[in-house]
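[1] Give the three-dimensional model of this entry:
(one chain, ligands or ions: 1)
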Amino acid sequence: MSPSLASSTSLSYSREDWQKGYESQRNELDYWIDDVEGEIPQELEGTLFRNGPGLLDINGQPIQHPFDGDGMISQVAFSKGRAYFRNRFVRTTGFVEEQKAGKILYRGVFGTQKPGGWLANAFDLTHKNIANTNIIYWGGKLLALWEGGKPYQLDPYSLETLGLDELEGILQEGNTFAAHPRIDPSCHMDGGEPCLVNFSVKPGRYTTIEIYEFNSNGDMLRRQAHSIPGFAFLHDMAISPNYCIFFQNPVRLNPLPFLLGFRAAGQCLAYNPNETTKILLIPRQTPAADRPGSGDGKVKIIDTEPCFVFHHANAWEEGDEIFIDSVCYDSFPSVEPNVDFREVNFDTVPAGQLWRFQVNPKTQETSHRVLEGRCCEFPTLHPDRVGRSYRYLYIGAAQSATGNAPLQAVLKIDLETGDRQIWSAAPRGFTGEPLFVPRPNGTSEDDGWIMLLIYDAAYHRSDVAILDARDLSLGPIARLHLKHHIPYALHGSFTPDYFGPGTKVKF
Ligand code: CO
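    The predicted structure follows:
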């Protein structure tokens, strides 16, 4: 038997199964979910929102990369042991135009930029804002997020698109709003009130990072802008009580391959393992003469091990040290040009691993260690522990302990004891980002539920799985079978507000 055959027979999945999860979902549906295995917890009240590419083609013309697919919102509203499903496309300007035309109108945009940096230009408003990366409910607004543009506001009940949202005039022409806001559960600058922290990035030879902080009414509390040297690809940020933390990956723009279009994004970003990754620490407190100890407000830039990061799990401060847990790749995980993303050879693409960084901003010393070597992505934790030391991390994971593969499992790591719990949907189930939903009046950090969308290739449909976060290994306590599939989603959130049919229940 050849080595390639040997490895393919040991896979925990079939490629055909995995590929089917990338079929477009054109239908927009509303229904009570009646096909439920197990029981939905009675105490579970609220609404799960997920965002991701709903269309992987426009009228049969395939798009080049799933990240380029039009955003589709799925909503599952839970109340009194029942659940209601609804999905709607975000009716962005580009979506409406392309659906009307019945063909791809925006494909050429990425190939006709001026040399010198399509990435620098790609993320401006002349491009198709696909609103496909995340969705949050904050300050009374439901917002679909895409890092290259302004958010789209939707009605949280009907999912009707209300239009681009400028956050009461905060976002001006050319401003963007990242897809990775963090909620500080108890901000010391605001008397312990929660606040939402988000950012925008304008990359170039110098990269401008803007930070915005909002109270729970959606009013802006703080805003600051910084310029840092060099091109920066910044998808996510971690927060601690005093810092916004970014990792500036060691990538350079290579302007030549941009003609290949968005599928070649990885080739436009040249990873250089001989450069360092730069940890950017931006003080959240803006300096003020009347506030002694408010600091100088300057960005601290600290070199560390070269790695590529999309997502951070969490960060916190202990004495003079800052700890950051992040999913790291040993190079940029790109797909070869002219290879359909569905045909990616997982063996040639780096796998994400969970690393812990320790940084001393005063001495600029850093160290790191691998917390989890299994291929993993999409970390989540108890919302009360964001920016604080924490014990339990949950993350999407591959079925196999080694090698790169699609996510089929959810892994819980006890960071105190090192214990692991894993539940896997293999061989025919594929997962994505888990979300932790605290049990009302829960008594421990893992007292709550893990919610997970699973693509089940056996039935070509998706399930919403609910697991008891205290013991993932028991498997789902409820598995809600949808009537159809949802293409692999990106990010989502849960709000205790119920947005299903019937009386509005406000918490
Ligand atoms: Co992300």
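[2] so Ala238 makes contact with Leu281?
    No. Using CB atoms under 8 Å, Ala238 and Leu281 do not qualify as a contacting pair, with a distance of 10.2 Å. All C-beta atoms are positioned from the backbone trio N, CA, C, and that covers glycine.
[3] Tell me how many other residues crowd the closest residue to Ala489 other than its chain neighbours.
    Spatial nearest neighbour of Ala489, chain neighbours left out: Gly52 (3.1 Å); criterion: CB to CB, 6 or more residues apart in numbering. Neighbour count of Gly52, defined by other CB atoms under 10 Å: 27.
[4] switch to numbering from 38
    Sure, I'll start numbering at 38, so the last one becomes Gly89.
[5] In which helix or strand does Gly89 reside?
    Using DSSP states H and E, Gly89 maps to strand 83-90.
[6] Strands of the stretch 338-487 of the chain, residue ranges please.
    345-355, 358-366, 390-397, 402-409, 413-417, 429-434, 446-451, 457-461, 466-467, 472-475, 485-493 (DSSP state E, counting those that start in this stretch).
[7] Pairing-wise in the sheet, spell out the partners of the nearest residue to Gly512 once chain neighbours are set aside.
    For Gly512, ignoring the flanking residues on the chain, the nearest one in space by CB to CB, 6+ apart is Trp460 at 5.4 Å. Beta-bridge partners recorded for Trp460 (DSSP bridges): Val447.
[8] List the buried residues in stretch 501-508.
    Of all the residues in stretch 501-508, those buried under the rule 16 or more other CB atoms under 10 Å are 501-507.
[9] whoops, stretch 120-131 was the one
    Going by 16+ other CB under 10 Å, stretch 120-131 has these buried residues: 120-129, 131.
[10] Tell me the span between the first and last residue of stretch 420-440.
    With CA to CA, to the nearest Å as the measure, the ends of stretch 420-440 fall 30 Å from one another.
[11] Then stretch 462-474?
    End-to-end distance (CA to CA), stretch 462-474: 20 Å.
[12] Averaged pLDDT, it. What do you get?
    Average pLDDT, stretch 462-474: 97.
[13] now swap in stretch 502-515 and tell me
    Mean predicted confidence for stretch 502-515 is 97.
[14] Give the residues shared as contacts by Ala275 and Leu318.
    Listed as contacting both Ala275 and Leu318 by CB atoms under 8 Å, 6 or more residues apart in numbering are 281-282.
[15] surely Val288 meets Phe268?
    Yes. With contacts counted by CB under 8 Å, Val288 reaches Phe268, the gap being 7.2 Å.
[16] These two: which is more packed in?
    Counted by other CB under 10 Å, Val288 and Phe268 do not tie: Val288 has more neighbours, with 23 against 19.
[17] so where's the stretch 138-287 of the chain uncertain?
    For the stretch 138-287 of the chain, applying pLDDT under 70 flags the ranges 144-164.
[18] Return the residues in contact with Asn311.
    287, 343.
[19] Let me know the secondary structure of it.
    coil (DSSP: H, G, I helix; E, B strand; the rest coil).
[20] now the helices for the stretch 138-287 of the chain?
    With DSSP state H, counting those that start in this stretch as the criterion, the stretch 138-287 of the chain has helices at 155-159.
[21] And the strands in it?
    171-175, 178-182, 189-191, 198-201, 219-224, 230-239, 243-251, 257-266, 275-276, 280-285.
[22] one step back: any chance of the strands of the stretch 338-487 of the chain in CSV, plus mean neighbour count and distance to Val423?
    Putting the strands of the stretch 338-487 of the chain into CSV (neighbours: other CB atoms under 10 Å; distance: least, CB to CB, whole Å) gives the following:
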stretch, mean neighbour count, distance to Val423
strand 345-355, 21, 6
strand 358-366, 23, 12
strand 390-397, 20, 16
strand 402-409, 15, 18
strand 413-417, 23, 10
strand 429-434, 25, 12
strand 446-451, 24, 16
strand 457-461, 18, 21
strand 466-467, 24, 27
strand 472-475, 21, 11
strand 485-493, 25, 14
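[23] Ok, which of these comes nearest Gly176?
    Nearest of those to Gly176, taken as CB to CB: strand 472-475 at 20.1 Å.
[24] ok now the closest one, how far from the chain's centre?
    Distance, stretch centre to chain centre, for strand 472-475: 15 Å (CA atoms, centre = their mean, to the nearest Å).
[25] strands paired with it, and their directions?
    Partners of strand 472-475 in its sheet, by DSSP bridges: strand 485-493 (antiparallel).
[26] what angle sits between the partner strand and strand 446-451?
    160 degrees (axes from the mean of the first three to the mean of the last three CA atoms, to 10 degrees).
[27] can you give me the end-to-end distance of stretch 325-337?
    With CA to CA as the measure, stretch 325-337 spans 18 Å from end to end.
[28] err, stretch 473-492, not the other one
    From its first residue to its last, stretch 473-492 covers 19 Å (CA to CA).
[29] How far off centre is that stretch?
    In this view, stretch 473-492 has its centroid 18 Å away from the chain centroid, taken as CA atoms, centre = their mean.
[30] Equivalent analysis for stretch 317-334, please.
    Centroid separation between stretch 317-334 and its chain, computed with CA atoms, centre = their mean, is 29 Å.
[31] and that stretch, average pLDDT?
    Averaged over stretch 317-334, pLDDT sits at 82.
[32] do you know how far the nearest residue to Thr403 once chain neighbours are set aside is from Asp107?
    Sequence neighbours aside, Thr341 is the residue nearest to Thr403 in space, at 4.4 Å (criterion: CB to CB, 6+ apart). Distance of Thr341 to Asp107, computed by CB to CB, to the nearest Å: 37 Å.
[33] what about those two, which has more around it?
    With neighbours defined as other CB under 10 Å, Thr341 and Asp107 compare such that Asp107 has more, 24 against 20.
[34] so how far is Phe536 from that one?
    22 Å.
[35] Specify the beta-bridge partners of Asp67.
    Beta-bridge pairing for Asp67 (DSSP bridges): Arg123.
[36] follow-up on the earlier one: which one's more surrounded, Ala275 and Leu318?
    Ala275 (27 against 20).
[37] The more buried one: what's it in contact with?
    So Ala275 contacts 219, 281-282, 349-352, 361, 363, 424 (CB under 8 Å, 6+ apart).
[38] again with Arg498
    Contacts for Arg498 (CB under 8 Å, 6+ apart) come out as 518-522.
[39] swap in Leu391?
    Counting by CB under 8 Å, 6+ apart, the residues that Leu391 touches are 350, 362-365, 407-409, 413, 416, 430, 432, 450.
[40] now for the buried residues of stretch 501-508, which pair is the farthest apart?
    Val501 and Arg507, at 19.3 Å, using CB to CB across the buried residues of stretch 501-508.
[41] So what does Lys57 look like in phi/psi?
    Torsion angles at Lys57 (phi, psi; degrees, to the nearest 10) stand at phi -60, psi -20.
[42] which ones are touching the residue lying closest to it once chain neighbours are set aside?
    Nearest non-adjacent residue to Lys57, counting by CB to CB, 6+ apart: Ala494, 5.5 Å away. Residues near Ala494 by CB under 8 Å, 6+ apart: 51, 53-55, 57-58, 465-467.
[43] go with 6 Å
    Counting by CB atoms under 6 Å, 6 or more residues apart in numbering, Ala494 touches 54, 57, 465.
[44] The last one is in contact with Tyr492, isn't it?
    No. In this structure Arg465 lies outside contact range of Tyr492 using CB atoms under 6 Å: 9.0 Å.
[45] what's the burial count for the closest residue to Tyr143 other than its chain neighbours?
    Closest residue to Tyr143 apart from its sequence neighbours, by CB to CB, 6+ apart: Lys165 at 4.1 Å. Using other CB under 10 Å, the number of residues around Lys165 comes to 24.
[46] Does Gly118 touch Ile77 like I think?
    Yes. Between Gly118 and Ile77 there is a contact under CB under 6 Å: 4.9 Å.
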